[in-house]
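[1] Dropping the sequence and predicted coords here.
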Amino acid sequence: MKNSTFRVSLAAALLALTGEAAALGLGGLRGAPVLGERARFEVELLGSGTAYLDATCFRLRQPAGDTALPWLKQAPFAVRHGNPAILELRSATTLSDPAFAVAVYVGCGHDVVREYVV
């Protein structure tokens, strides 16, 4: 009897814990940057937990890959809520390199990083 009670309790506890998790992912980087102009990009926010995100949850990071490749260092973020939610970013400076990397970090309890090469 104690063994079956333990199994039911364990199953209920695991079910409760999985209900609290909110998985989040970053979709592909969309945009058509032009040399000499400020780049504009959109990234689809995938999964649950997007309703509570705002622009302060996002940062740019130096990509972990090729250190010789230029990377986007500054860009303001905006979150456009909807179905799906969209992350919008626009480079703070005009583009001077034909190829560069963008690494987006999501904080606010998600700790997700996605790197893109443009």
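    Arrived safely, thanks for sending.
[2] going forward, measure contacts and count neighbours with C-alpha atoms only.
    OK.
[3] what sits against R30?
    Going by CA atoms under 8 Å, 6 or more residues apart in numbering, R30 touches 41-43.
[4] beta partners of it?
    Beta-bridge pairing for R30 (DSSP bridges): E42.
[5] burial of the residue nearest to G47 when sequence neighbours are not counted, as a residue count?
    The shortest distance from G47 to any non-neighbouring residue, by CA to CA, 6 or more residues apart in numbering, is to L24 (4.9 Å). L24 has 16 neighbouring residues, counting by other CA atoms under 10 Å.
[6] ok, now the one 3 residues further on?
    Taking other CA under 10 Å as the criterion, the count of residues near G27 is 14.
[7] pLDDT score for it?
    G27 carries a pLDDT score of 96 in this model.
[8] Could you do M1 as well?
    47.
[9] Low-confidence stretches in this structure?
    Applying pLDDT under 70 to the chain flags the ranges 1-22.
[10] Go through the contacts of R30 and name the one nearest F100.
    F41 (13.3 Å; CA to CA).
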